[in-house]
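Trainee: Could you work out the structure for the sequence below:
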Amino acid sequence: MKIFVTADNHIGKHLKKRKALRDWAINNFKLIPSKIPNDIDYVIFAGDVFDKENTDIECYNAYIEVLSKINSMPNIKNIFVITGNHDQYSNFYNSASIDVVKNIGNSKVVLCNKDYLVWNNDEDNLMITLLPFNRELFLDNEVGTKVITDKLNEVQFNNSNDCFKILVSHFAITDWMPFATTGLSLDELIGNHYYNLIVMGDLHNEDYEKVDEETTVLYTGSTFHTSISDLSNHNNVCKIITIEDNSVMNIEKVMLPKPPVVKIDKSNLDSLKDSLDENTIVITDDMDIHNDIKDRVLYSQYSPKLEVTNVTDDTVTTNDDETIDITNICIDKINNDSTINNDTKSYLINLLNIDTDSSTERIYPMKIFQERQRRFLKR
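Mentor: Presented below is the predicted three-dimensional model:
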């Protein structure tokens with residue numbers, strides 16, 4: 001048995017207001033049917049097909065087109081679609097889902113956008129639990145455990161037959177994203193190894209996988225990464241999972257196109273300038289280079305480099321003699337963030353004050369500063 005999985009397509013996202021990048025995301029999504037081999041049995045969309053309110057009729061049509069093409073493949077038995085945190089309340093998702101059923105006109109497509117749904121196929125000895133994103137799942141119940149744990153235990157209690165069990169859901173695993181407020185640890189998720197395979201959307205990193213003899217957990221990756229830094233560091237992928245004898249035998253990454261991303265400064269401009277064209281994304285810290293190429297490439301991101309004259313544990317002094325108190329800036333940012341609760345604020349502030357000394361080497365304060373900027377100042 002083979003399963004084709006994808007998530008975090010985010011069609012409709014503005015992507016820095018550049019329509020060309022948005023078009024890349026839609027076009028990559030529309031390539032999905034061509035990437036599905038003839039021996040695939042099931043297709044799974046694990047959340048965030050659409051991107052919040054940015055969705056429009058073009059994305060709607062792409063969604064209908066892709067599901068219709070997959071549905072027409074005679075080898076495909078079912079297509080499963082759940083909602084993620086971005087498309088859970090999308091009017092386009094809800095209306096498109098209705099039209100999918102109306103236009104396709106058969107029962108191959110299984111949609112789940114609230115609570116959970118358990119689907120069984122006795123012929124393949126298979127059970128799939130669809131658990132779409134819902135923020136309330138991660139609240140504590142009356143005994144202090146998360147609501148999502150009750151949901152998974154409920155599924156286990158009502159479906160204890162001996163078959164290959166798959167969970168499809170959409171949230172962060174905190175082992176891989178420690179600051180997530182809506183997530184579970186691997187231990188909490190895997191529990192007693194009730195599921196043989198857990199297919200996840202939300203974190204876009206295609207390398208997040210935990211392959212275990214009892215339970216395999218993986219993120220599908222994204223068909224088009226929604227930030228320039230992610231495009232630079234990751235591939236655009238879907239995955240194919242091969243299952244034999246009730247075990248995951250192979251996980252294959254299926255690559256989709258991505259524009260070339262290059263970092264340019266004065267030292268390498270001459271050697272690279274001839275390769276720059278309308279399909280290239282450029283990252284540069286040189287304003288002159290940025291102004292020169294921004295109208296000739298797909299996207300030019302100017303990220304000025306902070307030059308420092310003195311660095312201590314808690315401050316950075318710039319070449320303009322401005323002293324930046326890193327810790328206090330971050331603490332103010334955390335305290336003024338209305339999206340996180342007081343316990344989380346205390347936890348984050350405590351992290352800022354952890355001693356970074358090491359017996360073997362010193363963590364460079366500048367790196368700490370940049371990391372704190374990334375996590376807090378750009379929220």
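
Trainee: Number of residues surrounding residue 149?
Mentor: Using other C-beta atoms under 10 Å as the criterion, residue 149 is surrounded by 18 other residues. Just so you know, the C-beta spots here come from the backbone N, C-alpha and C atoms, and that holds for glycine as well.

Trainee: Now do the buried residues in stretch 148-161.
Mentor: Residues 148-149, 151-152, 155 are the ones in stretch 148-161 that count as buried (16 or more other C-beta atoms under 10 Å).

Trainee: what residues does that stretch touch?
Mentor: Stretch 148-161 is contacted by residues 116, 118, 120, 127, 129, 131, 137-138, 141, 165, 167, 171, 184, 188, 191, 194 when judged by C-beta atoms under 8 Å, 6 or more residues apart in numbering.

Trainee: could I get the buried residues of stretch 148-161 as JSON lines with secondary structure and pLDDT?
Mentor: Below are those laid out as JSON lines (DSSP: H, G, I helix; E, B strand; the rest coil; pLDDT from 0 to 100):
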{"residue": "148", "secondary structure": "helix", "pLDDT": "90"}
{"residue": "149", "secondary structure": "helix", "pLDDT": "86"}
{"residue": "151", "secondary structure": "helix", "pLDDT": "85"}
{"residue": "152", "secondary structure": "helix", "pLDDT": "85"}
{"residue": "155", "secondary structure": "helix", "pLDDT": "82"}
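
Trainee: rewinding a little: out of the contacts of stretch 148-161, the closest to residue 228 would be?
Mentor: Closest approach to residue 228 among those (C-beta to C-beta): residue 171, at 24.8 Å.

Trainee: Now do the phi/psi pair for that closest one.
Mentor: Main-chain dihedrals, residue 171, degrees, to the nearest 10: phi -170, psi 180.

Trainee: and it, how many neighbours?
Mentor: If we define neighbours as other C-beta under 10 Å, then residue 171 has 26 of them.

Trainee: dump the residue contacts of it.
Mentor: 85, 133, 137-138, 148, 180, 182-184, 200, 202.

Trainee: can I get those residues in TSV with distance to residue 343?
Mentor: As requested, the contacts of residue 171 are arranged in TSV below (distance: C-beta to C-beta, whole Å):
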residue	distance to residue 343
85	21
133	22
137	18
138	13
148	18
180	14
182	14
183	15
184	17
200	25
202	22
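
Trainee: tell me the least confident of the residues you listed?
Mentor: Among these, residue 180 carries the weakest pLDDT, at 85.

Trainee: ok, that one to residue 124 distance?
Mentor: Going from residue 180 to residue 124 by C-beta to C-beta, to the nearest Å gives 33 Å.

Trainee: for residue 291, same thing?
Mentor: With distances taken as C-beta to C-beta, residue 291 is found 58 Å from residue 124.

Trainee: Settle it for me: which of these two has more neighbours?
Mentor: Per other C-beta under 10 Å, whichever of residue 291 and residue 124 has more neighbours is residue 124, with 14 against 11.

Trainee: Identify the residue nearest that one in space, chain neighbours excluded?
Mentor: Of all residues not flanking residue 124 in the chain, residue 1 sits nearest, at 6.0 Å (C-beta to C-beta, 6 or more residues apart in numbering).

Trainee: Understood, closing this out.
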